[in-house]
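Visitor: Make a model of this:
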Amino acid sequence: MTTLDELWNSTSPSAKTFSDAAATLDEPVRAYFARTFSPGAVLPRAARLRMHGEIKLNRWLPFEAEQVIHLDRGMVWKAKVRMGRMRISGWDRVIGGRGDMVWKLFGLVPMLKSSGPNVDRSAIGRYHAESIWLPSRLLERAEWLRSSQQGSLEVSLSDWGQATTLRLTTNQTGDLVSVASNRWGNPQGKEYAEHPFGAWIEESRAFEGITIPTKVRVGWFFGSPQFETDGEFFRAEVTSAIFK
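Guide: Below you'll find the model as predicted:
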């Protein structure tokens, strides 16, 4: 079982740096990477984030979390959620294309354990969307499909036989404003299917010469009024990030 620490410790420090790696890309894409990577910044193989915020489990509950995202292997998100006097802890994970979720009350009493093909597919879609926190994946592992001077970008990521098209929007300075895709899932407990999914990005910040989103609002039915009424389920602020 790959834990958060094991995924991080398995990563060798990257020797690659950002110079003219994006020179062959269209201007709007180059502008995004020029804003994302400072000259000479390392193109990391992994990111380790700390964050806090609120997650909606019938009602909004505060959480604290740590996450490791690896260039090729996957990601682990480990969190603690407070529900009054109760503490729920666990993880969401996808490693090598296999996803699982394990959550326990007070770290002892099982509350949720889920895996299988639907979880795999949904977790891979999340891993693709969260490449915005490890943007070297977008530079080294993605195929850029379309861009416009209005800051509308499309990029395809493919891992373990599953492809996702991400639709990114940027502002005039190249900062991300939103990321959207169609993701496999079962919002509202319905049957699994592809649904619009995405995040509004309200703030970005540089860590170690790499600018990433630091304040996000995430949910299903992205791009429709339903996102605001019952699709949004995750609000987070990244407080620290290290790369290697």
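Visitor: low-scoring stretches of this structure, by residue?
Guide: 20-23, 106-110 (pLDDT under 70).
Visitor: can you map out the strands along it?
Guide: According to DSSP state E, the chain carries its strands in the segments 46-57, 59-70, 74-83, 86-95, 98-105, 109-115, 143-147, 152-159, 162-170, 176-185, 193-207, 210-220, 232-243.
Visitor: need those in TSV with distance to S38, can you?
Guide: Yep, even glycine has a C-beta here, placed from its N, CA and C like the rest. Output for the strands of the chain, formatted as TSV (distance: least, Cβ to Cβ, whole Å):
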stretch	distance to S38
strand 46-57	16
strand 59-70	20
strand 74-83	24
strand 86-95	30
strand 98-105	33
strand 109-115	40
strand 143-147	21
strand 152-159	20
strand 162-170	17
strand 176-185	16
strand 193-207	7
strand 210-220	7
strand 232-243	12
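Visitor: Any chance of those in a markdown table with mean neighbour count as columns?
Guide: A markdown table is the format used below for these (neighbours: other Cβ atoms under 10 Å):
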| stretch | mean neighbour count |
| --- | --- |
| strand 46-57 | 19 |
| strand 59-70 | 18 |
| strand 74-83 | 18 |
| strand 86-95 | 19 |
| strand 98-105 | 18 |
| strand 109-115 | 12 |
| strand 143-147 | 15 |
| strand 152-159 | 18 |
| strand 162-170 | 19 |
| strand 176-185 | 20 |
| strand 193-207 | 18 |
| strand 210-220 | 21 |
| strand 232-243 | 18 |
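Visitor: Quick check: which of those strands is nearest to P135?
Guide: Minimum separation from P135 across the strands of the chain (Cβ to Cβ) falls at strand 210-220, 6.8 Å.
Visitor: Mind giving me the packing neighbours of that closest one?
Guide: Judged by 3 or more Cβ pairs under 8 Å, 6 or more residues apart in numbering; DSSP states H and E, the packing partners of strand 210-220 are helix 27-36, strand 176-185, strand 193-207, strand 232-243.
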